[in-house]
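> sharing a model prediction with you, sequence too.
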Amino acid sequence: MIDFEEELKRFKPSLEVEEAEDAIYDRDLTDMTDIMQEIFKEARKQR
């Protein structure tokens, strides 16, 4: 059985949309585009 009082103590509200966007965009994450650009740079250097 769920203890609602205990669940409410652990509850953390989600970020608002704008706050979530800022949190996501502020992270410097490497994506596939960044990886491909590095591969192409290295390939050009080796010519």
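The structure has been received and is ready for your questions. Numbers count the residues shown, from 1 in each chain.

> three-state assignment of D22?
helix (DSSP: H, G, I helix; E, B strand; the rest coil).

> from L15, how far out is it?
Using C-beta to C-beta, to the nearest Å, one gets 9 Å for the distance from D22 to L15. C-beta here means a position set from N, CA and C on the backbone, and glycine is covered the same way.

> longest helix anywhere in this structure?
Across the chain, the helix with the greatest residue count (assigned by DSSP state H) is helix 32-45.

> could you export it as CSV, CA atoms only?
Provided in CSV are the C-alpha atoms of helix 32-45 (Å, rounded to 0.1, in the frame of the first residue of the first chain):
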residue,chain,number,x,y,z
MET,A,32,26.8,13.2,-33.0
THR,A,33,27.3,16.5,-35.0
ASP,A,34,30.2,17.4,-32.7
ILE,A,35,31.7,14.0,-33.1
MET,A,36,31.4,14.0,-36.9
GLN,A,37,33.0,17.5,-37.1
GLU,A,38,36.0,16.2,-35.1
ILE,A,39,36.3,13.2,-37.4
PHE,A,40,36.3,15.4,-40.5
LYS,A,41,38.8,17.8,-39.0
GLU,A,42,41.2,14.9,-38.2
ALA,A,43,40.7,13.4,-41.7
ARG,A,44,41.6,16.8,-43.3
LYS,A,45,44.7,17.1,-41.2
